[in-house]
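Participant: would you be able to build a 3D model of this:
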Amino acid sequence: MNIERAQHIGHYGVIFTVIRFTVVPDNRHALANLCLLETKTAARQVRDQIRRLYEKMLARDLPCERAVAISHPLRRNQADRLNDQNVLIKQIISGAVKAPGIAISTVTAGFVGDRISGKLRRYHAGDIIIGLDASVRGGIGPQRSTLSMHVYSDES
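Facilitator: Coordinates of the predicted model:
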């Protein structure tokens, strides 16, 4: 398996190590031993997700192109900016639910806002963001699947 590593600077200056490789059925067992030092103590969990995503693609005998993006630990200001973005998302969605002039819609908007807050991730200094991508060309047509993970600073 030929592995390429590169770095990418994303939004808010978050630096990612991007690992690209192609998996064929003959070397899919190598996914269990993939070296992912950047994920720290979550390496086994990340390798398991990489394997599950490969199996989900049902690539059969076709090559599956993979990319794994692992952020450097977030700095305090980066985590704060990502959290501010979450607040904006919550305000937009709960504002859209709230119909003008209807008292019950204010209660509904509050409930929706609380539900959204519970689903959005909260970022902290030292957290690691991981993105997994898989794509297969051929067979029934091109397929693509992605998955994101969040490793909290107290877990790494």
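Participant: hey, which helix or strand in the protein has the poorest pLDDT?
Facilitator: Least confident helix or strand of the chain, by mean pLDDT, DSSP states H and E, is helix 103-119 with a mean of 59.
Participant: which strands and helices lie in contact with whichever helix or strand comes after that one?
Facilitator: For helix 103-119, the following helix or strand on the C-terminal side (DSSP states H and E) is strand 128-136. With contacts taken as 3 or more Cβ pairs under 8 Å, 6 or more residues apart in numbering; DSSP states H and E, strand 128-136 sits against helix 43-57, strand 64-71, strand 143-151. For every residue, glycine as well, the C-beta is placed using N, CA and C.
Participant: would you map out the domains in the protein?
Facilitator: The chain breaks down into these domains under automatic domain parsing: 4-73+124-151, 77-119.
Participant: weakest of these in terms of mean pLDDT?
Facilitator: Among the domains of the chain, domain 77-119 has the lowest mean pLDDT, at a mean of 68.
Participant: end to end on that domain, go ahead and measure it.
Facilitator: Domain 77-119 has an end-to-end distance of 22 Å (criterion: Cα to Cα, to the nearest Å).
Participant: pick the most buried one from the domains of the chain.
Facilitator: A comparison of the domains of the chain by mean neighbour count, using mean count of other Cβ atoms under 10 Å, puts domain 4-73+124-151 on top with a mean of 15.
Participant: sorry, back to before: next, format the helices and strands packed on strand 128-136 as CSV and append distance to Arg81.
Facilitator: Formatted as CSV, those follow (distance: least, Cβ to Cβ, whole Å):
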stretch, distance to Arg81
helix 43-57, 24
strand 64-71, 13
strand 143-151, 16
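Participant: to Ile9, which of the ones you listed lies closest?
Facilitator: Proximity to Ile9 (Cβ to Cβ) singles out strand 64-71 among these, at 10.4 Å.
Participant: quick check: angle from that closest one to strand 143-151?
Facilitator: 20 degrees (axes from the mean of the first three to the mean of the last three Cα atoms, to 10 degrees).
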